[in-house]
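S.K.: need a 3D model of the sequence below.
(one chain, ligands or ions: 1)
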Amino acid sequence: MNEQKCTAPILLRLAQEKDLPDICAIFNEVIASGNTIYQTHLYTLAEIKNWFSSKCERGYPVIVAERENQVLGFGSYDAFRARESYKTTAELAVHLYKQYRGQGVGTKIILDLLTRAQAQGIHVMVSCIDSANTGSIRLHERLGFQHVGRMPEVARKNDQWLDLVIMQRTTRSK
Ligand SMILES: CC(C)(COP(=O)(O)OP(=O)(O)OC[C@H]1O[C@@H](n2cnc3c(N)ncnc32)[C@H](O)[C@@H]1OP(=O)(O)O)[C@@H](O)C(=O)NCCC(=O)NCCS
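M.R.: This is a model prediction of the structure:
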């Protein structure tokens, strides 16, 4: 039974309203478990509904990875900065439930987002990652993202100064 579950295909699709409780739970699991997301307050479902509506209105995709109807994680991108000349650059985010990490799901989500972004006319994808998040940095390196900056002590959480690592790559396939 377990073996069958592990080999079942992973499906990537656009998120729907019914996925928002999972997305909220994943965000909150990551926020509560360390310094990966520079935020301390946990999201309410109402806040996630507003976040999702805003994404939909502005044409930025939210995608979920699921296996046998179980959401494993989600990914999205958004404007990097507001001024119009930045419209060809976006910033991505990807988060999985803890138990589904290390199975290639994050890789699939990022590759899917890069394809969607390119089709939308986005040329550069940026990722802003806490310097202690070596797993995510390694994943981005493997996908061809380059280190383009480091901002020391730009955030504070859990009584620690946090350094932000900036990585980027073009959206065209490599
Ligand atoms: C970061 C995250 C999205 C990666 O997704 P994932 O599905 O676990 O990663 P993958 O299985 O696709 O890993 C691909 C490669 O990335 C690297 N990697 C991923 N997680 C790693 C970890 N914890 N430690 C070291 N390397 C890691 C490895 O090189 C791995 O390749 P390998 O398994 O062949 O060695 C996921 O672990 C996660 O949700 N973490 C918590 C939230 C988070 O950090 N989000 C990103 C914020 S920038």
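
S.K.: phi, psi for Asp159 please.
M.R.: The phi/psi pair for Asp159 (degrees, to the nearest 10) reads phi 60, psi 30.

S.K.: for the ligand, what are the nearby residues on the protein?
M.R.: 30, 36, 73, 94-96, 101-107, 127, 129, 133-136, 138-139, 142 (CB under 6 Å from any ligand atom). The C-beta positions use only the backbone N, C-alpha and C, and glycine is treated the same way.

S.K.: for PyMOL, what selects the buried ones among those residues?
M.R.: Applied in PyMOL, the following selects the buried portion of the residues of the chain next to the ligand according to 16 or more other CB atoms under 10 Å:
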select buried, resi 30+36+73+94+95+96+105+106+127+129+133+136+139
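
S.K.: ok, now which ones touch whichever residue of the chain sits closest to the ligand?
M.R.: The ligand sits closest to Gly106 of the chain, with a gap of 2.0 Å, by CB to the nearest ligand atom. Contacts were defined as CB atoms under 8 Å, 6 or more residues apart in numbering; by that measure Gly106 touches 73, 75, 94, 96, 136, 139.

S.K.: helix, strand, or coil at it?
M.R.: With DSSP: H, G, I helix; E, B strand; the rest coil as the basis, Gly106 sits in helix.

S.K.: next one, pLDDT for it please.
M.R.: At Gly106, the model reports a pLDDT of 98.

S.K.: do a quick rundown of the helices in this structure.
M.R.: Applying DSSP state H to the chain gives helices spanning 2-7, 20-32, 45-58, 105-119, 134-142.

S.K.: among these, which is nearest Arg83?
M.R.: Checking those against Arg83 by CB to CB gives helix 45-58 as the closest, at 15.0 Å.

S.K.: show me which positions of the closest one end up buried.
M.R.: In helix 45-58, counting by 16+ other CB under 10 Å, buried: 48, 51-52, 55.

S.K.: just the closest of those to Pro61, please.
M.R.: So of the buried residues of helix 45-58, ranked by how close each gets to Pro61 (CB to CB), first place is Lys55, at 7.5 Å.

S.K.: so where's the chain uncertain?
M.R.: For the chain, applying pLDDT under 70 flags the ranges 1-6.

S.K.: the same query, at a cut-off of 50, please.
M.R.: 1-4 (pLDDT under 50).

S.K.: tell me which residues touch Leu164, please.
M.R.: 38, 128-131, 150-151, 154-155.
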